[in-house]
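Q: Next comes the sequence, and after it the predicted model I'd like to discuss.
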Amino acid sequence: MTGSKLETQRWAALVAGRLLRPLDPRWRHVLGVVAAAGWVAEVRPAEERPWLVAPAYVHDVGYAPELVWTGSHAIDGALWLRARGRERLAGLVAHHFAARFEAYVQGLDASMAAFDREESPSPSPR
């Protein structure tokens, strides 16, 4: 792992803990997602692993009360990450799970469209 990717993962873990630990059930959910991402990361090339684990830490930061702006946790978290210069994480968080459908229902399509949607490559065989 390169230093910048590992640094991104560490940064994500620190900020997620600070923002979400007070929301105990949410924090426990995030830790479960991080564990699952770690398992999945084991079958990916080493250079890709931080980009699975770091977003797992921050995928729900938009639930932190101080970050709620639009009411879509995915967009709110992405906006917060973008403001911190974490553009790739912002795109990954904005588009995690079915967030684009939630944004559509909430009338937030334009806000969602402001973030790149990254398509993951097919899994590589071991």
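A: Yep, that arrived. Numbers count the residues shown, from 1 in each chain.
Q: CA atoms only: put the lowest-mean-pLDDT helix or strand in the chain into CSV for me.
A: Ranked by mean pLDDT, DSSP states H and E, the weakest helix or strand in the chain is helix 99-105, scoring a mean of 79. Extracted in CSV, the C-alpha atoms of helix 99-105 (Å, rounded to 0.1, in the frame of the first residue of the first chain):
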residue,chain,number,x,y,z
ALA,A,99,-28.3,6.1,-2.5
ARG,A,100,-29.1,7.2,-6.0
PHE,A,101,-32.6,5.9,-5.7
GLU,A,102,-33.1,7.6,-2.4
ALA,A,103,-31.8,10.8,-3.9
TYR,A,104,-34.3,10.5,-6.8
VAL,A,105,-37.2,10.0,-4.4
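Q: And the contacts of that helix?
A: 72, 74-75, 109, 111-112, 117 (C-beta atoms under 8 Å, 6 or more residues apart in numbering). Using the backbone N, CA and C atoms, a C-beta is placed for each residue, glycine as well.
Q: Next secondary structure after that helix?
A: helix 109-113 (DSSP states H and E).
Q: What residues sit buried inside that next one?
A: 111-112 (16 or more other C-beta atoms under 10 Å).
Q: could you say what helices and strands that helix packs with?
A: helix 73-83, helix 99-105 (3 or more C-beta pairs under 8 Å, 6 or more residues apart in numbering; DSSP states H and E).
Q: Highest average neighbour count across the ones you listed: which stretch is it?
A: Greatest average neighbour count among the helices and strands packed on helix 109-113 goes to helix 73-83 (a mean of 23), per mean count of other C-beta atoms under 10 Å.
Q: Distance from that helix to the middle of the chain?
A: Here helix 73-83 is found 9 Å from its chain centre; the criterion is C-alpha atoms, centre = their mean, to the nearest Å.
Q: which helices and strands sit right next to the very next helix or strand once past it?
A: Sequence-wise, the next helix or strand downstream of helix 73-83 (DSSP H and E) is helix 87-94. Here helix 87-94 touches helix 50-58, helix 73-83, going by 3+ C-beta pairs under 8 Å, 6+ apart.
Q: tell me the mean pLDDT for helix 87-94?
A: With pLDDT averaged residue by residue, helix 87-94 scores 94.
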